[in-house]
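Asks: Pasting the sequence and the predicted coordinates here, then a few questions.
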Amino acid sequence: MILESISFSGIIVALMCMALLLSKKKKVSSDYYLIAWLLVAATNLIYYLFPSLLPEIIQPFGFALPVLSMGMLYLYVISITFNIEFNVSFLIKHSLFFICYSLLFIGISLFYSQIGFNNSIPFFIEKQQNKMLDLLTFPMAIVPVVYIILCFLALKRYQKMLPEYYSALEKINLNWLKYIIVSLIILFIGVFCMIALGTRADLIPFDKIFQIVAVVQSGYLLCIVFFSLRQSIVFNQQATLDRNTVVIKEEKDDVQDKVYSDILSQRLLQFMETGRPYLDEELSLQKLSLLMDVSTHQLSQTINQGLNTNFYKFVNAYRIEEVKKKLGDPVFEKYSILGIAFESGFNSKSTFNKIFKEETGMTPSEFKKSESIKKES
């Protein structure tokens, strides 16, 4: 009863989240893909709780739902990272394997040997054909893992590009999603171990296998829903397009000649000193380009090639200098080190401490003590 209750709560949460997303006035692409994934995930949980709802002949569609779920999760991942437009053709494309795989089961059941399902687990009714069954179920282990790897690679690429466009990464690095994706590999390994132990070794009650799986899936669903709803949509499409523009322009004519690059570099350095845009904790490459009235790809190349750094390091170096000045300023004596860091454009204690140590070779506390000693001497 407890297992069923937890799984049922997962279904309720999925449906409520879908209703919440559908009620939004301004939806983004990732909202639609999240709705698609939630719909499949809820359907999968319903199937595990009530497998008898599906007629025997179409049971393969229920059995193959995890593959469809991972396809929809992949679309959500690439939409939240790179803002791919919502497109029904993408949904169809990533549903094809699910459809063909289910139809293969039905075809074998009709023309070769009838396949039955006992508590959502397939078996040949007429005789034992373990090798054939292993061959048929093998894609259920491989395809989701392939999607997991694709999700992980998309997140890695996203995180690699972030420092080119943003000065603060803590709220937008999607580490929570990366950890969930990686842990899904453990989930699938665990599921197949449970199936093996339940069907071959009788160590797990046969009728409890997919109830346990449903509970674990409900946990993942709750985590993804919670973090998705609090996660800001951060990587706007313009930044991605600018990245592509840089590559194209470099191949064509190096974007800008040396003279213009030097002029823009000096202008940028002067603006950072006088305008102090780095005090904005949400400063991005696009914001800075608008303030300076230059294109993002020109500004990006100036920082990357002209100044030999990336946007993240460039901006935070100014923030560190600001902190150092304030630590030595009597006006800020009553401020805590963290308070000064936040006044200087940082929005995370851990990031501030890490960058400060990298830039100065000392922790903020050590630096403050050294400044005090200098004043006393």
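Replies: Received it, and whenever you're ready, just let me know what you need.
Asks: Poorly predicted segments of the stretch 251-377 of the chain, please.
Replies: 251-258, 373-377 (pLDDT under 70).
Asks: now the stretch 51-200 of the chain
Replies: For the stretch 51-200 of the chain, the stretches with pLDDT under 70 are 192, 194-200.
Asks: what ranges do the helices span in it?
Replies: 59-63, 65-82, 88-93, 96-111, 130-161, 175-196 (DSSP state H, counting those that start in this stretch).
Asks: Using JSON lines, lay out these together with distance to residue 292 and mean neighbour count.
Replies: Where C-beta positions appear, they are placed from N, C-alpha and C, glycine not excepted. As requested, the helices of the stretch 51-200 of the chain are exported to JSON lines (distance: least, CB to CB, whole Å; neighbours: other CB atoms under 10 Å):
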{"stretch": "helix 59-63", "distance to residue 292": "55", "mean neighbour count": "21"}
{"stretch": "helix 65-82", "distance to residue 292": "25", "mean neighbour count": "24"}
{"stretch": "helix 88-93", "distance to residue 292": "37", "mean neighbour count": "12"}
{"stretch": "helix 96-111", "distance to residue 292": "47", "mean neighbour count": "15"}
{"stretch": "helix 130-161", "distance to residue 292": "21", "mean neighbour count": "16"}
{"stretch": "helix 175-196", "distance to residue 292": "31", "mean neighbour count": "16"}
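Asks: Which one of those helices lies nearest to residue 320?
Replies: Proximity to residue 320 (CB to CB) singles out helix 130-161 among these, at 22.1 Å.
Asks: The closest one - contacts with which helices or strands?
Replies: helix 65-82, helix 96-111, strand 121-124, helix 175-196 (3 or more CB pairs under 8 Å, 6 or more residues apart in numbering; DSSP states H and E).
Asks: mind checking which of the helices of the stretch 51-200 of the chain is nearest residue 347?
Replies: helix 175-196 (15.8 Å).
Asks: Contacts made by the closest one with the rest, please.
Replies: Residues outside helix 175-196 that contact it (CB atoms under 8 Å, 6 or more residues apart in numbering) are 70, 77, 80, 121, 141, 144-145, 148, 151-152, 155-156, 159, 204, 209, 212-213, 216-217, 220, 223-224, 227, 231.
Asks: isn't there a helix covering residue 323?
Replies: Yes: assessed by DSSP: H, G, I helix; E, B strand; the rest coil, residue 323 belongs to a helix.
Asks: what's the burial count for the nearest residue to it once chain neighbours are set aside?
Replies: Nearest residue to residue 323 in three dimensions, chain neighbours excluded: residue 344, at 4.8 Å (CB to CB, 6 or more residues apart in numbering). For residue 344, the neighbour count with other CB atoms under 10 Å is 23.
Asks: What of residue 289?
Replies: Neighbours of residue 289 (other CB under 10 Å): 18.
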